[in-house]
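# need a structure here:
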Amino acid sequence: MKGMNHRRFNRLLASALIGALLLVLIACAPKGGDAQGGQEQTSGPKTTVAAEPTIAKDAAGVWTAEAWKDIYPHEYETYMQNAMNTTEGNAANPHFAVRGDMVKMYPMLPVIWAGTAFNKFYNEPNGHNYSLDDIRVTGRVWDAEKGAFKETAFANCLTCKSADFTALYQQQGNAIFSQPIADINALLNEPISCYNCHENNLASDATASSVTATQTFFKTALGSDAGKVDAGSQSCGQCHNEYYFAPADKAVTNPYTGLAQMTPEAMYDYYKTAGKDGTPFVDYTNPNTGTQQLKTQHPEFEFVFGGAGSTMVQRGYGCVECHMGQPQTAEDGTIYTSHLLISPLENEELLATCNTGAGCHTDLKAQVKAWQKTSEDKVMAIGTKLETLNLKLADAVAQGTLSEAQLAEARELNREAQWYWDFVMVENSEGAHNPKLSTDTLAKSEAAVDKALTYF
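Next comes the predicted model:
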């Protein structure tokens, strides 16, 4: 079982958990120095100097990671090391284990998620370098038998999968989301890279101030609360959040405005009227039970910042402190920030600070392991109950043993229980980002599923 070794959590933090933070150049130097780029000559440590790439922007108007490699060689080199995190794993670095099949790890998924392709095609992540490759082969959008994209797949599925798509979205607005995925796919070559966190601003500003959220829909959802969240965390959160495709134009949309509404309860209420003409929003209908269900995405940002925020946020920490390495000094004396994303549990320097210097933890690894076990044990137990509920409800539908009123109530309880269970199950820290929220949300799921089971 995945909960025993926490592969999903470790792989994700190594390659994808803090999605948009991939190219945050925290340790780069201020403007100044040689206008042609290269390294500023000083008597102290060297720092990278901003310059414009000599390679032309691509067709989408993006300077690719390749274009920056001579200006930011150390950042580029460590960014490329994320390619170690492959589907097959990496023998040279056992941290990058073989990517797991989540449908097999959670045997209840084929039943609970019947009606959506996630119940067949749902894998642990690869490194960001593979983001564009992975979306092109997943059975959620690709029909392997026909050798073509599914007609039901639209360009909105490409959101946060490519720097090129982000640039095209900025140019075209929401109109891009409803286009066939096949049409837009042909225009994309660059996976998640520099542009996703910096646009093309590195030519004029090599400091952390160039970090920005490039996804317009997420900035809209933050609203006036944007000033309450640091730029690095916004850059991460713009891709690691809960969203849906708006019925009117298939636009990627968050079910909230502002931090206070980023709670599981508030989002569940939001979805009650987010459908066409104010009806409940439906991601998919379970063909066996008739339940109009919601499919949570990956609410890392909401888990950490939503509502009152996690304990980490309350103490003033964001994504950067835990998931970006400390400034490094290269052999030539250049100060830079590594862009190889590793779990904080693999960062001995960070662990030493957490366990002794900052005084927040005495043994962070042990504490995280305990949080994850508590969360995963409940996820598995409640998931099994949800599977039983789905099977009993499907049988009741087939046999006609419930009145219409009873059936409507059981379906609503099923929808509610599955939403709260999903919210924790798909959040990629396995409860570690916010243990209290994990526990409270799973309790709501269990209460709903237990009530629904009284009908059978």
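# which of the three states applies to the residue lying closest to residue 234 once chain neighbours are set aside?
Spatially, and ignoring its direct neighbours in sequence, residue 234 is nearest to residue 213 (4.3 Å; CB to CB, 6 or more residues apart in numbering). C-betas here are computed from N, CA, C, even on glycine. Using DSSP: H, G, I helix; E, B strand; the rest coil, the structure places residue 213 in coil.
# residue 213: neighbouring residues, count only.
As a burial measure, residue 213 scores 23 neighbours (other CB atoms under 10 Å).
# same question for residue 232.
Neighbourhood size, residue 232 [other CB under 10 Å]: 23.
# in a helix, it, correct?
Yes. Counting by three-state DSSP, residue 232 is found in a helix.
# I'd say it and residue 322 touch.
No. Judged on CB atoms under 8 Å, residue 232 makes no contact with residue 322 at a distance of 10.7 Å.
# before we move on, the earlier item: got a list of what the residue nearest to residue 234 touches?
In this structure, residue 213 makes contact with 20, 219, 222, 231, 234, 235, 237, 238, judged by CB atoms under 8 Å, 6 or more residues apart in numbering.
# go again with 10 Å.
20, 196-197, 219, 222, 226, 229, 231-239 (CB atoms under 10 Å, 6 or more residues apart in numbering).
# just residue 108 next, same as before
Residues near residue 108 by CB under 10 Å, 6+ apart: 119, 379-380, 382-388, 390, 421, 425.
# can you give me the strands in the stretch 101-250 of the chain?
Listed in chain order, the strands of the stretch 101-250 of the chain (DSSP state E, counting those that start in this stretch) span 142-143, 148-149, 244-245.
# which one of those lies closest to residue 375?
Taking CB to CB, strand 244-245 is the member of those nearest to residue 375, at 24.3 Å.
# for that closest one, packing partners?
Here strand 244-245 touches strand 252-253, helix 264-271, going by 3 or more CB pairs under 10 Å, 6 or more residues apart in numbering; DSSP states H and E.
# ok, now with 8 Å
When contacts are defined as 3 or more CB pairs under 8 Å, 6 or more residues apart in numbering; DSSP states H and E, strand 244-245 packs onto strand 252-253.
# what average pLDDT does stretch 201-210 get?
Average pLDDT, stretch 201-210: 73.
# scan the protein for its longest helix.
Scanning the chain for the longest helix, with DSSP state H as the assignment, gives helix 364-399.
# may I have the helix or strand just after that one as PDB, with CA atoms only?
Note on helix 364-399: by DSSP states H and E, the next helix or strand toward the C-terminus is helix 404-425. Taking Å, rounded to 0.1, in the frame of the first residue of the first chain, the C-alpha atoms of helix 404-425 are listed here in PDB:
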ATOM      1  CA  GLU A 404     -37.500   8.800  -5.100                       C
ATOM      2  CA  ALA A 405     -37.100  10.800  -1.900                       C
ATOM      3  CA  GLN A 406     -34.800   8.200  -0.300                       C
ATOM      4  CA  LEU A 407     -32.800   7.900  -3.500                       C
ATOM      5  CA  ALA A 408     -32.300  11.600  -3.800                       C
ATOM      6  CA  GLU A 409     -31.100  11.800  -0.200                       C
ATOM      7  CA  ALA A 410     -28.800   8.800  -0.600                       C
ATOM      8  CA  ARG A 411     -27.300  10.300  -3.800                       C
ATOM      9  CA  GLU A 412     -26.700  13.700  -2.100                       C
ATOM     10  CA  LEU A 413     -25.000  12.000   0.800                       C
ATOM     11  CA  ASN A 414     -22.900  10.000  -1.600                       C
ATOM     12  CA  ARG A 415     -21.900  13.200  -3.500                       C
ATOM     13  CA  GLU A 416     -21.000  14.900  -0.200                       C
ATOM     14  CA  ALA A 417     -19.100  12.000   1.300                       C
ATOM     15  CA  GLN A 418     -17.100  11.500  -1.900                       C
ATOM     16  CA  TRP A 419     -16.200  15.200  -2.200                       C
ATOM     17  CA  TYR A 420     -14.800  15.400   1.300                       C
ATOM     18  CA  TRP A 421     -13.000  12.100   0.900                       C
ATOM     19  CA  ASP A 422     -11.600  13.200  -2.500                       C
ATOM     20  CA  PHE A 423     -10.400  16.500  -1.000                       C
ATOM     21  CA  VAL A 424      -7.900  14.700   1.200                       C
ATOM     22  CA  MET A 425      -7.200  11.700  -0.900                       C
END
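# can you list contacts of the next helix or strand after helix 404-425?
Remark: after helix 404-425, the chain's next helix or strand is helix 435-453, criterion DSSP H and E. By CB under 8 Å, 6+ apart, the residues outside helix 435-453 that reach it are 264-265, 303, 306, 310-311, 371, 374-375, 378-379, 382, 385-386, 388-389, 392-393, 409-410, 413-414, 416-421, 423-424, 427, 431.
# can you mark which positions in helix 435-453 are buried?
435, 437, 438, 441, 442, 444, 445, 446, 448, 449, 452, 453 (16 or more other CB atoms under 10 Å).
# of all those, which comes closest to residue 336?
For those, the nearest to residue 336 is residue 435 (33.9 Å; CB to CB).
# point out where the stretch 51-200 of the chain drops to low pLDDT.
Residue ranges of the stretch 51-200 of the chain with pLDDT under 70: 85-99.
# where exactly do the helices run in it?
Using DSSP state H, counting those that start in this stretch, the helices assigned to the stretch 51-200 of the chain run over residues 65-68, 73-80, 102-105, 109-112, 131-137, 163-172, 181-185, 194-198.
# which helices and strands sit right next to the last one?
Here helix 194-198 touches helix 163-172, going by 3+ CB pairs under 8 Å, 6+ apart.
# tell me which residues in the helix it packs on are buried?
163, 164, 165, 166, 167, 168, 169, 170.
# and the contacts of helix 435-453, which are buried?
Among the contacts of helix 435-453, those classed as buried by 16+ other CB under 10 Å are 264, 303, 306, 310, 371, 374-375, 378-379, 382, 385-386, 389, 392-393, 410, 413-414, 416-421, 423-424, 427, 431.
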